[in-house]
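**Student:** turn this into a structure:
(4 chains)
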Number of protein chains: 4
Amino acid sequence: MCRWLAYSGTPVLLEDLLYKPTHSLIDQSLHSRLGVETTNGDGFGVGWFGEADTPALFKSVEPAWNDRNLRELAGHVRSGLVFAHIRASTGTAVQQTNCHPFRHGRWLWMHNGSITRFQDVKRELMLAVDPSLYPNVDGSTDSETFFFLALTLGLEDDPPAAVERAVGVIERVGHDNGIDHPIQMTVATSDGHRLWGFRYSSEGKSRSLFYSTAVDTLREQYPDNPMFHELSDETRIVVSEPLGDLAGAWNEVPESSYGVIQEGEDELHPFTPRA
Amino acid sequence: MCRWLAYSGTPVLLEDLLYKPTHSLIDQSLHSRLGVETTNGDGFGVGWFGEADTPALFKSVEPAWNDRNLRELAGHVRSGLVFAHIRASTGTAVQQTNCHPFRHGRWLWMHNGSITRFQDVKRELMLAVDPSLYPNVDGSTDSETFFFLALTLGLEDDPPAAVERAVGVIERVGHDNGIDHPIQMTVATSDGHRLWGFRYSSEGKSRSLFYSTAVDTLREQYPDNPMFHELSDETRIVVSEPLGDLAGAWNEVPESSYGVIQEGEDELHPFTPRA
Amino acid sequence: MCRWLAYSGTPVLLEDLLYKPTHSLIDQSLHSRLGVETTNGDGFGVGWFGEADTPALFKSVEPAWNDRNLRELAGHVRSGLVFAHIRASTGTAVQQTNCHPFRHGRWLWMHNGSITRFQDVKRELMLAVDPSLYPNVDGSTDSETFFFLALTLGLEDDPPAAVERAVGVIERVGHDNGIDHPIQMTVATSDGHRLWGFRYSSEGKSRSLFYSTAVDTLREQYPDNPMFHELSDETRIVVSEPLGDLAGAWNEVPESSYGVIQEGEDELHPFTPRA
Amino acid sequence: MCRWLAYSGTPVLLEDLLYKPTHSLIDQSLHSRLGVETTNGDGFGVGWFGEADTPALFKSVEPAWNDRNLRELAGHVRSGLVFAHIRASTGTAVQQTNCHPFRHGRWLWMHNGSITRFQDVKRELMLAVDPSLYPNVDGSTDSETFFFLALTLGLEDDPPAAVERAVGVIERVGHDNGIDHPIQMTVATSDGHRLWGFRYSSEGKSRSLFYSTAVDTLREQYPDNPMFHELSDETRIVVSEPLGDLAGAWNEVPESSYGVIQEGEDELHPFTPRA
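**Tutor:** Next up is the predicted model:
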């Protein structure tokens, strides 16, 4: 399994997100508390939106905790929409093309969890990917296949519906192959404007996912904390596990639901796979 | 494009094959004379048969010329059947799963050349791979897809027929997609007992391929060369380009043909794709 | 800190040493029980004696647990004298030249522990290295400097005396620099014939080190265990932590002592740094 | 040997410097025209000044021509002071700590050339490095030792004098060791405000070095070229070999001289090692 972080809000240096929190994502690469594995050392990736039309990616097969290039970039890159992912391989090769986040055009995607017995259903799922998208599948993970299924089923037009349809396909193919619980997932996706976070699993016991409390609430609760004065009210973090122990700062995303981080009011809705 | 070497005969240290010849494969990684590219620096791989049932593989994404692990292994591993390949990527990612040789059970496979406009025909070719083999495709190259096509079409029973059928499929799919010359190839494959080398291209202008002169002939011609006294009469090398300038030592594999290196008389036959 | 294993005895496949034990070294790379860190993911190295005059090395900066090349080699390389080391960096760069074991001529060396505040004493220690050896220091670790100090002080003639002298130098230089406890160490070294294992620390609380019980004793104790019938009486393993839970199989090396594994009777002696 | 590029002027995307020119540095990694080696595939590095106090570094041991992370960064990072270097190792290990540019505080440094028989003089040169700087030497190259010698001898106060003194030391130590021509060099260094480029060799036949013609002159000469309208008059590039064939755009730095790129008038002076 893996751990990930998605940030949307006031532009910050990546190091403020990735290194400075008490229980930062980099710390989680060695000492995850809530993950299936405590070590997430099979590569990592960071994606961020900057001045170009499409987001930038930086990926490495080395553990995040000791990667000097990541440390350098984190100290020099500032962005208002950041994805970061540390990987614990569930079997597929440790190579950059298997590191999250994945990208297609303006879209980023990252996933924690797995498609059960992926090798047995991969061919059928890959066949369900639009032939025009098929050549863009670069690596060999279940997560990337899932992304391209969602793209095939309308991710760019209606992300929640597309993900619900993709999970519907994965569950149908899984059940056809005698798999009881075909998918386990937390997913983040974004086009650079809005950010969607999903939490779901076929068995109803999903990997952990948390979102940060609204900044204006935190500012009221912690009037002396300077950080909350620097961040806009629109700022929000979604993470596999809390980045620290600040009371009231982190809220669990409910089972089978998804959230939308966007200008104005954010939203939280139930998630229901579509046949 | 790439360069490769296949050896069958008296067990030798890998360094005698890979480093010691004047124009060795490692030298070709920096200074290929006959290749499309002079530099073959996008990773490499070595496969060899030893005491285990299946051959060993060592692969790296770094250029062969400066890889310390390869230098070490070459000085300590001895084998009588060796495949070595240096890669110049034609577009797919530089990662270990894309390095040759590829392996399935006892079979090794390596390829120089390409399937033309592979991204456009990949899906159709992958569909032609047997569903039971499909999950074993680990990387993203045309060469590995070609290998699994050949396995699907009987490589383990009749290698020449299987490769002729696989090329037949590739050419049909290519022509269906408006591709004039669908394939360019030199291929080596082996099960640890026999070794097959193929040279073919749809346009009839194939990448270079050479085989070494029979050792007894060389021994007669160069009675003072000690090397030819250490090697058995069965010893033979097949290479993308000659490893040195010894007159009479290297023979071009003819266009559209394949050879078989085996106990007893080796063979050379015409190669004709099968519809 | 790190974990290591040294094996001397009946030639075995590396995988029997590195992968098959319940709590194997590869398992320890993710889940060390007795180490300062549970994760040892900052590269690894294996050294083994084979047919060449000098031992072979294979090193990688990737975590051992997922390295495909190590898995391959382990299944095909057989040796009667093997060193293996998994690294948890204490600050110096994760690069092959910093991976253990280190080699000089026929000698291998690996170390768990550290020279306290190494950056502050490095220059003085490097100055104590023989000028003719100095250019062979390839990496930047305390462990390699320690090795070259020991070589300078006679490792090839009298290993225990040389290591006692090297530790004497390190402690003197440390104390001169106001360091209370200048060294923490378990060390293995070998010339391919004999194997020495050391356990010592300036503060008298050394990292764990164990050696396996004599095979004839184990054979008597476990008459039905086939493994003990395949191994010669001379076979012995020295490890940072036991490879399994077999009662009576593992014995702690006492504080401030060293052992010699050799033909005939093995030895255990006190270790005393020499001024 | 190596190739390098130093840029100072109007902030540009790195890809405009590294990929877009006809004979770009990335192209030179495969096809250098004027270098000692045509291939510079033993790692690379990029340094740039941005919003932080100290410059950022990105280094990799893979060849630059196929590195996906470099391609990504180049498309998203904009800077007005950029160093880029592609390496062809002259013997020392291919590892990130040996990739240029090197950094100390605000200072960047990169080098093409070599200190002759470096292994024989390394100890003496390292002894000449200030003890307080010594622990910061991270890798094993002659180029980094040269940098720390220059820092020891006043680089941060008077770069030309410090480099002249450092070369004086290298030549003296070389001559003491019976080396006729102790150094071959082109060097770039910068503190983020000014940029110095040096060309010198003991034998008086130095590696090539070029600087771009003043932008106002180029604008007059090529009134229709839009690029010259986007760049400020202060913009200047110093490179190992010209990035294209535009007549009048590139000028050779004379033998034994150095230039200063700075606000206002740039300068060109003779370079004379100091005893």
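**Student:** CA only for contacts and neighbour counts going forward, please
**Tutor:** OK.
**Student:** up against chain B, what does chain A have?
**Tutor:** A:93, A:95-97, A:119-120, A:122-123, A:131, A:134-135, A:138-140 (CA under 8 Å from any CA of the partner chain).
**Student:** need the buried ones from those residues selected in ChimeraX.
**Tutor:** With 16 or more other CA atoms under 10 Å in any protein chain shown as the burial test, the buried ones among the residues of chain A next to chain B are selected in ChimeraX as follows:
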select /A:93,95,96,97,119,120,122,123,134,135,138,139,140
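**Student:** as CSV, the residues of chain A next to chain B with distance to residue C:20 would be great.
**Tutor:** Formatted as CSV, the residues of chain A next to chain B follow (distance: CA to CA, whole Å):
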residue, distance to residue C:20
A:93, 21
A:95, 26
A:96, 29
A:97, 30
A:119, 25
A:120, 27
A:122, 30
A:123, 33
A:131, 44
A:134, 40
A:135, 40
A:138, 34
A:139, 30
A:140, 28
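**Student:** pick out whichever of the residues of chain A next to chain B sits closest to chain D.
**Tutor:** Nearest to chain D among the residues of chain A next to chain B: residue A:96, at 9.1 Å, using CA to the nearest CA.
**Student:** contacting residues around residue A:146?
**Tutor:** Neighbouring residues of residue A:146 by CA atoms under 8 Å, 6 or more residues apart in numbering or on different chains: residue A:166.
**Student:** any idea how far it is from chain C?
**Tutor:** 24 Å (CA to the nearest CA, to the nearest Å).
**Student:** quick one: secondary structure of that residue?
**Tutor:** Under DSSP: H, G, I helix; E, B strand; the rest coil, the three-state class of residue A:146 is helix.
**Student:** elements contacting the lengthiest helix in chain A?
**Tutor:** If you go by DSSP state H, chain A has its longest helix at helix A:159-176. In terms of contacts (3 or more CA pairs under 8 Å, 6 or more residues apart in numbering or on different chains; DSSP states H and E), helix A:159-176 is packed against helix A:118-127, helix A:142-152, strand A:183-190.
**Student:** closest to residue C:234 out of these?
**Tutor:** Ranking the helices and strands packed on helix A:159-176 by proximity to residue C:234 (CA to CA) places helix A:118-127 first, at 45.4 Å.
**Student:** how deep is residue A:275 tucked in, by neighbour count?
**Tutor:** Applying other CA atoms under 10 Å in any protein chain shown, we find 12 residues neighbouring residue A:275.
**Student:** and it, that one's in a helix?
**Tutor:** No: Residue A:275 is assigned coil when assessed by three-state DSSP, not a helix.
**Student:** still on that earlier bit, possible to save the helices and strands packed on helix A:159-176 as a markdown table with mean pLDDT and distance to residue D:88?
**Tutor:** Formatted as a markdown table, the helices and strands packed on helix A:159-176 follow (pLDDT from 0 to 100; distance: least, CA to CA, whole Å):
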| stretch | mean pLDDT | distance to residue D:88 |
| --- | --- | --- |
| helix A:118-127 | 97 | 42 |
| helix A:142-152 | 98 | 36 |
| strand A:183-190 | 98 | 41 |
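**Student:** which one of the ones you listed lies nearest to residue D:87?
**Tutor:** helix A:142-152 (34.3 Å).
**Student:** can you tell me the SS state at the closest residue to chain D within the stretch 101-250 of chain A?
**Tutor:** Residue nearest to chain D within the stretch 101-250 of chain A (CA to the nearest CA): residue A:103, separated by 12.0 Å. Assigned with three-state DSSP, residue A:103 falls in the strand class.
**Student:** touching, it and residue A:97? I think so.
**Tutor:** No: contact between residue A:103 and residue A:97 fails when scored by CA atoms under 8 Å: they sit 10.7 Å apart.
**Student:** quick revisit: CA-only coordinates of the longest helix of chain A in CSV, if you can.
**Tutor:** Only the C-alpha atoms of helix A:159-176 are listed here, as CSV (Å, rounded to 0.1, in the frame of the first residue of the first chain):
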residue,chain,number,x,y,z
PRO,A,159,-14.9,13.0,-12.3
PRO,A,160,-17.2,11.5,-9.6
ALA,A,161,-19.4,9.8,-12.2
ALA,A,162,-16.3,8.5,-14.1
VAL,A,163,-14.7,7.1,-11.0
GLU,A,164,-18.0,5.5,-10.0
ARG,A,165,-18.3,3.9,-13.4
ALA,A,166,-14.7,2.8,-13.4
VAL,A,167,-15.2,1.1,-10.0
GLY,A,168,-18.4,-0.4,-11.4
VAL,A,169,-16.4,-2.0,-14.2
ILE,A,170,-13.6,-3.2,-11.8
GLU,A,171,-16.2,-4.7,-9.5
ARG,A,172,-18.1,-6.5,-12.3
VAL,A,173,-14.9,-7.9,-13.8
GLY,A,174,-13.7,-8.9,-10.4
HIS,A,175,-16.9,-10.7,-9.5
ASP,A,176,-16.9,-12.4,-12.9
